[in-house]
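Asks: the following comprises the amino acid sequence and a computationally predicted model.
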Amino acid sequence: MPNKPTEMEQRPKLHTETGDRPAGPPSHSVEELLNELRAHQIELEMQNEELQRIRAALETAHNRYLDLYEFAPVGYLTLAPDGRIVELNLTAARLFGLERNNLLNCQLATLVAHQDSDRWRLLLKSALRHEGELKNFELLLKRGDSHFHAHLDCLPVMTEDKTPALRITLTDISKNVYAEEQLRLAAVAFEAQEGIMITDADKVILQVNRAFTDITGYRADELIGRTPHILNSGRHNETFYAEMWNCINRTGSWQGEIWDRRKNGEIYPKWLTINAVKNSEGVITHYVGLHTDISERKASEEEIKQLAYYDPLTSLPNRRLLLDRLQQALAASSRSEKYGALLFIDLDNFKSLNDNLGHDMGDILLQQVAKRLIACVREGDTVSRQGGDEFIIMLEDLSENTEEATAKAKTIGEKILISLNQSFQLSNHEYKSTPSIGITLYIDHQHTINTLLKRADTAMYGAKAAGRNTLRFFDQDMQETVTARASLEADLRFALEKNQLKLYFQRQARHDGLTIGAEVLLRWEHPERGFISPLEFIPLAEESGLIESIGRWVLEAACAKLKLWQDHAHTRHLQLAVNISARQFHHIGFIEQICTLLDKAAIDANRLKLEFTESLVFDNIYDTLTKMQRLKELGVGFSLDDFGSGYSSLTYLTQLPFDQLKIDQSFVRNIGIKPADTVVVQTIIGMANNLGMDIIAEGVETEQQRAFLKRHGCHAYQGNLLGKAMPLEEFERFLEI
Ligand SMILES: Nc1nc2c(ncn2[C@@H]2O[C@H](COP(=O)(O)O[C@H]3[C@@H](O)[C@H](n4cnc5c(=O)[nH]c(N)nc54)O[C@@H]3COP(=O)(O)O)[C@@H](O)[C@H]2O)c(=O)[nH]1
């Protein structure tokens, strides 16, 4: 738009000093000149006024410009080519949090955060290179101890004095960067592990995340526009959902466990949190649901429960669950006034199975036993495994009448006996197992749970003591016996530790009187009860497992003695017969134990003779054969003890590397008294001779017995006639060492 003429331009032109005066002869009077001067002065004054006004207007414009410059929403900086700040507005100073004076001549580089300082150097160079070309970039700049994100527009210019400079506008974009970060975080959070569903206020699904589609199996487009009803499992009724929405609308949120249905129809548990989103007026605009699939967690919880309450091998209830149920059963029995029963079942010789065929076979047996036990009882009864080879069955609701309840419990006990007596197929092995069963009845809260369990256990020991593979009911005498046994077992453990056990030696001699060796016999001198027969404490040691330590100790002592005897000419030939119990022999490390002992003592292995009973041999013929063969290779001798008293299979006998048969003293005792026994003795001698085995008779007490034995071909004897079992010193005195 063309400029309007100013007031000065509009006014009629007055004469100027230089020649704007009209031409013509000077006809003016002084008056005229004065008037003219006055007019001129007025004109000048007017011009001056105009100038004043213009200056004032300019000043106002300048001030406005300054205000705009200084307080602009962006910072303005001018940099010298070396990066120094040569000019800046107040906004720029404020952005840096410093006084303008402190910033002038300061290198902008010192205000750049160290992570961007290299970049700034390059950017400065590049910005200065192309005059007139606007460049923009972002930098992290310092503000006191903190930083701010800045957007920089840089324009390289040539100043009035022809020096290059860089004009920069600086915008604080920290808020934008923060908002972007928040958005990014929200996006990441939205795509988190948990399923997220956003609905509008009418519960129409607007958005779901990836996790949500993964959990439900639906694609996003199959869900958007629908309501969450699509996920309904049918497991919760209308009231449930009504209460849930009621709570959300009342409190703003709800959370809890809920069953939903996946697209494939699978119903699964999830943990659901729903939050209502409200606008500034407090009106609900959206609902955000967080869905966590807890099916795996539930499964683990179930597994934990299974581990806590069930035996992992057999899946039967464990002791803890049994105790729980027993507690409930006692309460139920107190209401119904009916008896229940506890059956304590222990598998006979289970340890031998583990030792001989390995724990895997033991495990298979336990699993099969568990199945058979379940088959023997009603569905409501509890079959539990206590650990090892011990099972407890809890029968409920038997009868109000003691006799009838006893009879019912007995019937089930017998059913179990029959069932467990059937052979088991353990992989390739056919295996026979027998149980010992102890039974006790319960009613009301007459006895504590502990007492009941102890009673069933005691009764089971009664069954063991009665020869195993049988059942016994609890009674008081039985309890006392068991208590006495328990105390004896503790004493025996103590005796072993405190060297209260002693070895006695009973001479074995030939018909010509030559001592050929001795049998090593254990003695226990109890500090209060005096001598306790091995017949009493050896079975106890077997049952408790102490026999393994005791047996090792006897073998060590025997080998140590043989080593000493080896150094004397008249004892060098002596053999020591050591009794080996079944549990000791079938123990997995028995062979290694003997090898170590022989090595350590450095003795001739055939000086050591191991005495086995028939039951040891035939309990597990396969293990016996392999172990005997290995020991035989070392030179160890074997004697079959108490021969004739058991049920030896002659077929097996010929396959086992026995060196000697020992005629049981019960036959020897009856020589000349009981014709049948006398014939047995003759037969055994004949058989041993035919099989090429040595024969020795034990329990020889009279000259007649010896003479008879000699006459019929038995030339080695042991018995009181030749010498009772005696302490070592006495035996060695006898040998005249
Ligand atoms: N596993 C182990 N068993 C052992 C050990 N020490 C002993 N035993 C076994 O204990 C049973 C009883 O032994 P014990 O009371 O020592 O009786 C032995 C002899 O003392 C006795 N005997 C010997 N001669 C006569 C006699 O003329 N008359 C008579 N009345 N008794 C006599 O016989 C027992 C011999 O035992 P054995 O030869 O073993 O059959 C017994 O079964 C021992 O085996 C041990 O360390 N480990």
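Replies: Looks like it arrived, so ask away. Residues are numbered from 1 along each chain as shown.

Asks: after the lowest-mean-pLDDT helix or strand in the chain comes which helix or strand?
Replies: Ranking every helix and strand in the chain by mean pLDDT, DSSP states H and E puts helix 7-10 at the bottom, with a mean of 42. Heading C-terminal from helix 7-10, the first helix or strand you meet, by DSSP states H and E, is helix 30-70.

Asks: that next one: how far from the chain's middle?
Replies: The chain centroid and the centroid of helix 30-70 are separated by 98 Å under CA atoms, centre = their mean, to the nearest Å.

Asks: with stretch 668-675 instead?
Replies: Worked out by CA atoms, centre = their mean, stretch 668-675 lies 67 Å from the chain centre.

Asks: what are the contacting residues of it?
Replies: 677-678, 681, 697-701, 704-705, 708-709, 719 (CB atoms under 8 Å, 6 or more residues apart in numbering). The C-beta positions use only the backbone N, C-alpha and C, and glycine is treated the same way.

Asks: among those residues, which are in reach of the ligand?
Replies: The subset of the contacts of stretch 668-675 within reach of the ligand, by CB under 6 Å from any ligand atom, is 698-699, 701, 719.

Asks: and those, which is closest to residue 401?
Replies: Residue 401 lies nearest to residue 699 out of these, by CB to CB, at 52.9 Å.

Asks: does that closest one really touch residue 719, like I thought?
Replies: Yes: when contacts are counted by CB atoms under 8 Å, residue 699 is listed as touching residue 719 (5.0 Å).

Asks: give the residues shared as contacts by these two.
Replies: Between them, residue 699 and residue 719 share the contacting residues 665, 668, judged by CB under 8 Å, 6+ apart.

Asks: tell me the confidence at residue 409?
Replies: Predicted confidence (pLDDT) for residue 409: 93.

Asks: can I assume it sits in a helix?
Replies: Yes: assessed by DSSP: H, G, I helix; E, B strand; the rest coil, residue 409 belongs to a helix.

Asks: how many neighbours does the residue lying closest to residue 433 once chain neighbours are set aside have?
Replies: Among residues not flanking residue 433 along the chain, residue 347 sits closest, at 5.6 Å (CB to CB, 6 or more residues apart in numbering). Neighbour count of residue 347, defined by other CB atoms under 10 Å: 21.

Asks: pLDDT of stretch 493-507, averaged?
Replies: pLDDT averaged over stretch 493-507 gives 94.

Asks: may I see the buried residues of that stretch?
Replies: By neighbour count on 16 or more other CB atoms under 10 Å, the buried set for stretch 493-507 is 495-496, 500-501, 503-507.

Asks: closest to the ligand among those?
Replies: residue 506 (5.6 Å; CB to the nearest ligand atom).

Asks: for the stretch 151-300 of the chain, just list every one of the strands.
Replies: 164-172, 195-200, 205-208, 253-261, 267-278, 284-293 (DSSP state E, counting those that start in this stretch).

Asks: quick one: residues contacting residue 546.
Replies: 489, 492-493, 496, 540.

Asks: 10 Å instead?
Replies: 489, 492-493, 495-496, 537-538, 540, 583 (CB atoms under 10 Å, 6 or more residues apart in numbering).

Asks: any idea how far it lies from the ligand?
Replies: 11 Å (CB to the nearest ligand atom, to the nearest Å).

Asks: could we number from 27 for the rest of this?
Replies: Okay, using 27 as the starting number, the last item reads as residue 572.

Asks: what's the distance between stretch 447-455 and the middle of its chain?
Replies: Mean-position distance between stretch 447-455 and its chain equals 34 Å (CA atoms, centre = their mean).

Asks: end-to-end on it?
Replies: End-to-end distance of stretch 447-455: 15 Å, with CA to CA, to the nearest Å as the criterion.

Asks: that one: which residues count as buried?
Replies: Within stretch 447-455, judged by 16+ other CB under 10 Å, the buried ones are 450, 452.

Asks: swap in stretch 367-384?
Replies: Going by neighbour count (16+ other CB under 10 Å), the buried part of stretch 367-384 is 367-383.

Asks: do the same with stretch 587-601
Replies: Neighbour-count burial for stretch 587-601 [16+ other CB under 10 Å]: 587-588, 591-592, 597, 600-601.

Asks: circling back: closest to the ligand out of the strands of the stretch 177-326 of the chain?
Replies: strand 293-304 (60.4 Å).

Asks: now that closest one, how far from the centre of its chain.
Replies: On CA atoms, centre = their mean, the centre of strand 293-304 falls 31 Å from that of its chain.

Asks: pull up the pairing partners for that strand, direction included.
Replies: strand 279-287 (antiparallel), strand 310-319 (antiparallel) (DSSP bridges).

Asks: tell me the mean pLDDT over stretch 490-507?
Replies: Mean predicted confidence for stretch 490-507 is 82.

Asks: so residue 549 sits against residue 560, correct?
Replies: Yes: judged on CB atoms under 10 Å, residue 549 makes contact with residue 560 at a distance of 7.5 Å.

Asks: shared neighbours, the two?
Replies: 527, 530.

Asks: would you list the phi and psi of residue 747?
Replies: Backbone torsions for residue 747, taken as degrees, to the nearest 10, come to phi -60, psi -40.

Asks: show me what from the stretch 577-726 of the chain comes close to the ligand.
Replies: So far as CB under 6 Å from any ligand atom goes, the stretch 577-726 of the chain lies against the ligand at 580, 605, 607, 637, 667-668, 691, 724-725.

Asks: so what's residue 325 up against?
Replies: residue 295.

Asks: 8 Å - rerun?
Replies: Applying CB under 8 Å, 6+ apart, no residues qualify as near residue 325.

Asks: measure it to residue 282 for me?
Replies: According to CB to CB, to the nearest Å, residue 325 and residue 282 sit 19 Å apart.

Asks: ok, the residue minimising distance to the centre of the chain to the ligand distance?
Replies: Centroid check for the chain by CA atoms, centre = their mean gives residue 330 as the closest residue, at 10.1 Å. Applying CB to the nearest ligand atom, the value for residue 330 to the ligand is 46 Å.

Asks: so where is this structure shaky, pLDDT-wise?
Replies: 27-54, 503-505, 508, 672-675, 763 (pLDDT under 70).

Asks: so which bits of it are right by the ligand?
Replies: So far as CB under 6 Å from any ligand atom goes, the chain lies against the ligand at 532, 545, 547-548, 559-561, 564, 580, 605, 607, 637, 667-668, 691, 724-725, 727, 744-746, 751.

Asks: coming back round to it: so which of the strands of the stretch 177-326 of the chain comes closest to residue 757?
Replies: It is, among the strands of the stretch 177-326 of the chain and with distance given as CB to CB, strand 293-304, at 78.0 Å.

Asks: so what's the residue count around residue 571?
Replies: 12.

Asks: ok, how many other residues are close to residue 165?
Replies: 21.

Asks: and it, which of the three is it?
Replies: Following three-state DSSP, the label given to residue 165 is strand.

Asks: what's near enough to touch it?
Replies: Residue 165 is in contact with 138-139, 142, 145-146, 149, 175-176, 178, counting by CB under 8 Å, 6+ apart.

Asks: ok, 7 Å please
Replies: 138, 142, 146, 176, 178 (CB atoms under 7 Å, 6 or more residues apart in numbering).

Asks: measure it to residue 318 for me?
Replies: From residue 165 to residue 318 the distance is 43 Å (CB to CB).
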